[in-house]
Every structure is written in structure tokens, then in C-alpha cells.
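Chemist: All I have is the shape, not the residue letters:
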């Protein structure tokens, strides 16, 4: 059966606290060394912030300790908490429907419900304004039919919450679906045999087993919200990212901006501590002998139309609506004589750079995830926590830290693709770490111990045994990184080599000057190209489905 809160007995020692401590003290150097290098890299932007803040001296504290800073803290935490809760409510039913039921066209729904990740937040924000704003498409429709001349303002908290919820719930969806595909149904079947109904089994058995994926996905959503700039800027909601950006752009002295960023780092550290406490020491793999088999599909029966309507409503609001707005820009531009601009060189740059960043992220995340799951210790958990620091920082802060470091210390690396990939790694490594960790937690160590008892070395055990069992997590980690890098803007703008354009920079250069029609074609191409890894992920996941 499955165990929670109990450690696995070691095969060569007796059970008890002493063998467990001994196992934790002997950390493999081949894992510790690369993990430490990655962790130190994650701390680099924090060092830049400390240096900048220290330059202001004792005058910085009174500037930070004021009502506006408290307002920024309240707004940022409120937005992160409400968006995360809404994403859980959306993603959990979607993950269950596409992974565990006979939903018609579930592979298509898997791809479609994941695609909002590819839409940049500033594009999503404009789509919300263009649709629900005081003079948007909905108001025009209501005015023509009901005579309503003006809708309530969409700007502020509600608009930012709606936009970020619609664009960030796939973080949870991918993690939850990967976890559901890896769950052994034995415990669920045991609960049903003891008299629990379907709903009781789901909430009392399945949901607790999904806790690693829920925590990992929720943390990614919360940190994404805290670091977003595009949506909150367009919808005029004051949070730390907007205040930091305005301070960087509007003031010669950047010390206050560094101080505000340090406050944001402190908030991120608190979230990481809460996440570590919530995880506990639970185990989520099968601890007894036996072969894990895939779960049987739940037949929806008369609930099929309702399930299809739910999936269709989510896809319509999160994907069809933004694409429809972008398509309307394109049509208007073509009617006005705007040439169709498909920048193929920028598309090749975007795809190549995103593939490279995804591969580097997986390679960097593997030793950290393996250390945390298979060799838990204070050091391994500290390394994992450090990887989340960069994700909680605005992209402009990470980029400026690397600009400062590159211009002063490694000019030969400044404005190269190598430094750009480093920036992506600092920003988006937690996406790979969280997904891989949740996947590894479901692989029983007994399988690896059995392979080692047959004389296989640890690397061979990983390649022949563990890695095939974690394929869903590996592909989800790579897909998440690919999608996020495709739409990343601040780091790309500041660190790209001269003349190196991506689809994101092409869209931004047009939309920043309100040339929406000019940016429509690159935006549509960005969405189309980013859909490819989701299709590959769905195809790979089908190999693990019954």
C-alpha cells in the first residue's frame, strides 16, 4: 500500500532513525557539485540587489517603511493568493477529466487547455481590455441590444486577477495531470471497497496523493503572479513589479528600486518556507511489493455533456477569445493596408533559443530534484529553495543584475546567447524542478534498489529504470520552460545580442507603440509555434494511459 509520513527501510541496514540519518549524510558528489553551482547562480541577482541597496546607506529604510510599501505588499499578496486559489479550482477538474476519464477528445482538450501558457501577459491584458473594458466588444454588443452605454471599469484588481488566472492555471494543470497519470489506483480501489463513494474517494484519497503536484503548481502560480509585469501594468494595478519598473525607468538612483525588489525577495522566501512546511515528509509511492498498473478510465455517462461544456467554456475564455482579438487586429491591419508581417528569422530564433533553454533547464533541474527526493537533507532542501529566488524576481531585475555583472566582470559574455540562457535559467528553473520533483516522488526507491542489487551502477539505474518512469515529468518540465521562454520579454530585450530578434520582441516593439495590427501576425505565429511542445507532451503522455 501507499505510505505517508513514513520513510522507506534501507535494504542493507535495520530500520530506525540512525540509518536514515546516515543515508542523508552521504550525499553523492556527482549530484551535489552541479546542484551547488546552479544554486549559487540563482543567488547572483540577490547579490546585485544587496549591493545596490547598500549604496543608499541608512537612508533606504525610511524610504521603504512607508504606507505605499505596505500597500504594495497587500496588493501583491492578495493578487497571488486569489489567482492561485482560482487556478486550483480550474485546473483540478480539468486534470482529472483529461487524465482519468473517458472524456471524448481528451488529448485535444489536453493541448487546448494548456495553450494559454503561450500567450504573453501583456497580450492577454489587452484582450481583456478590448473585450470587457468600458468601450470594449461586450459593451458595443450590449449597447446595440440593450442600450447600455458604458460598462464598469475593468482596470485594477479584478482585471489583473482575471487576466493572470486565465493565463497561469496551466502551471497547475500540467503538474496535476502528470501526477494523476503516475498514481497507482490500488489505494483508490481499496477505499471504494471499504464503502467510500466516488466523491469521498476523490477528496479523501486522490487529492491527498496529489499534494506534491498541488504544492509545486501552486507555488509556481504564486511566484509567476508576483513577478508578472505586463498584465498589472496594462490594467493599472499597483504591485511590486510595476513599482520597481517605474522606479528603474523614472529615477536616476536605482537604490530604492533595489530595496523594493529585496522586499519582494523576502515575500518569496516566506512563500518558500510555507511551502516546505506544507510538504512535510510524506511519501507518495507504493511501498509494498507488486506491479503498478494504470488506472481504469472513469465512465462519465450522462455527465459527458456537462464535462465537454466545462472544457469548451475554459478553452473559449482562455484561448479562443485572445486569439480572436489578435485575429481582429490582423484583419483590421490588412484592411488598412498593413502588410502581412511574418518574421521567419525571429521565429527560428525563438524556437532555437527556447529549445536550448528547455534542455539546459532539465539538465540543471535533475541533480536538484534527485537530491531532494532521494537524498533529503538540510543541504539538498536549501539548494532547492534557492532555485526559487530568481523566479520571484521581475525579469527586469534579473536582466539588470546580469548586465551589471557582464559589463564589469565578463565583457566577453555580455550580450551573448550564453548569458541570455543563464537569465532564462535563473527565471524559470523552478518550473522544471517542481515538475520533476513531483514526478520522482511517485517512483518507489525499491525499484532502483532492486536494479542496484543486480550490479547496475547508479547512472545506469537512472537511465534504464528511473528515467523511463519519469517521462511525463521530464516532458512537462521541458514544455513548461519552452513555453515560458518563448514569451519572455524583459530579459530578452536587455540581454539579447545586437540584431537578435525573437517573436516576443517583435510583438512588443509593435504593441508598445500601439501598432496592434503590426504585432498581430508575430503574435499568432508565436502561439502556433508554442503549441507544438504541448502536442508532443500529449502524445508522450498517451503512452502511459490505459
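Modeler: Yep, it's here. Since we're looking at a predicted model, the values are computed, not measured. Residues are numbered from 1 along each chain as shown.

Chemist: got the residue ranges for the helices in the stretch 401-546 of the chain?
Modeler: In the stretch 401-546 of the chain, the helices defined using DSSP state H, counting those that start in this stretch lie at 417-440, 445-453, 458-461, 467-469, 471-487, 490-495, 503-511, 516-542.

Chemist: got the buried residues for the third one?
Modeler: Judged by neighbour count using 16 or more other Cβ atoms under 10 Å, the buried positions of helix 458-461 are 458, 461. Placement of C-beta: from N, CA and C, glycine included.

Chemist: Likewise for the fourth one?
Modeler: By neighbour count with 16+ other Cβ under 10 Å, helix 467-469 contains the buried residues residue 469.

Chemist: ok, back up a step: what's the closest of the helices of the stretch 401-546 of the chain to residue 138?
Modeler: helix 516-542 (18.2 Å; Cβ to Cβ).

Chemist: nearest to residue 72, of the helices of the stretch 401-546 of the chain?
Modeler: Short answer: helix 490-495, nearest of those by Cβ to Cβ, at 18.8 Å.

Chemist: Of the helices of the stretch 401-546 of the chain, which is nearest residue 30?
Modeler: Among the helices of the stretch 401-546 of the chain, helix 458-461 sits nearest to residue 30 (Cβ to Cβ), with 8.2 Å.

Chemist: Please name every helix or strand in contact with the closest one.
Modeler: Counting contacts by 3 or more Cβ pairs under 8 Å, 6 or more residues apart in numbering; DSSP states H and E, helix 458-461 packs against helix 445-453.

Chemist: Now the helix it packs on: average pLDDT?
Modeler: Helix 445-453 comes out with an average pLDDT of 77.

Chemist: Number of residues surrounding the spatially closest residue to residue 212 that is not a sequence neighbour?
Modeler: Spatial nearest neighbour of residue 212, excluding adjacent residues (Cβ to Cβ, 6 or more residues apart in numbering): residue 438 at 4.4 Å. For residue 438, the number of neighbouring residues by other Cβ atoms under 10 Å comes to 30.

Chemist: what about the helix or strand residue 84 falls within, average pLDDT?
Modeler: Using DSSP states H and E, residue 84 maps to helix 67-100. The predicted model assigns helix 67-100 a mean pLDDT of 92.

Chemist: ok, then the element right after that helix?
Modeler: helix 106-114.

Chemist: That following helix to helix 471-487, inter-axis angle?
Modeler: 40 degrees (axes from the mean of the first three to the mean of the last three Cα atoms, to 10 degrees).

Chemist: What is helix 106-114 packed up against?
Modeler: helix 67-100, helix 157-182, helix 304-315, helix 516-542.

Chemist: So what does the closest residue in space to residue 407 that isn't next to it in sequence have for phi and psi?
Modeler: Sequence neighbours aside, residue 414 is the residue nearest to residue 407 in space, at 5.6 Å (criterion: Cβ to Cβ, 6+ apart). Main-chain torsions, residue 414, degrees, to the nearest 10: phi -70, psi 140.

Chemist: For residue 414, give me its contacts.
Modeler: Neighbouring residues of residue 414 by Cβ atoms under 8 Å, 6 or more residues apart in numbering: 403, 406, 407.

Chemist: rewinding a little: the residue nearest to residue 212 against residue 213, yeah?
Modeler: Yes. Here residue 438 reaches residue 213: they are 4.5 Å apart, a contact under Cβ atoms under 8 Å.

Chemist: which residues are in contact with both of these two?
Modeler: Contacts common to residue 438 and residue 213, judged by Cβ under 8 Å, 6+ apart, are 175, 178, 179.

Chemist: Give me the buried stretch members for the one helix or strand residue 256 maps to, please.
Modeler: For residue 256, the element it lies in under DSSP H and E is helix 255-279. Buried residues in helix 255-279, counted by 16+ other Cβ under 10 Å: 255-265, 267-268, 271-272, 275, 279.

Chemist: cool, stretch 497-513 as well?
Modeler: 500, 501, 502, 503, 504, 505, 506, 507, 508, 510, 511.

Chemist: Would you point out the most distant pair within these?
Modeler: Longest span within the buried residues of stretch 497-513, Cβ to Cβ: 500 and 511, 19.4 Å.

Chemist: re earlier: want to try JSON lines for the helices of the stretch 401-546 of the chain, with distance to residue 355 as columns?
Modeler: Formatted as JSON lines, these follow (distance: least, Cβ to Cβ, whole Å):
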{"stretch": "helix 417-440", "distance to residue 355": "11"}
{"stretch": "helix 445-453", "distance to residue 355": "30"}
{"stretch": "helix 458-461", "distance to residue 355": "25"}
{"stretch": "helix 467-469", "distance to residue 355": "19"}
{"stretch": "helix 471-487", "distance to residue 355": "7"}
{"stretch": "helix 490-495", "distance to residue 355": "15"}
{"stretch": "helix 503-511", "distance to residue 355": "14"}
{"stretch": "helix 516-542", "distance to residue 355": "9"}
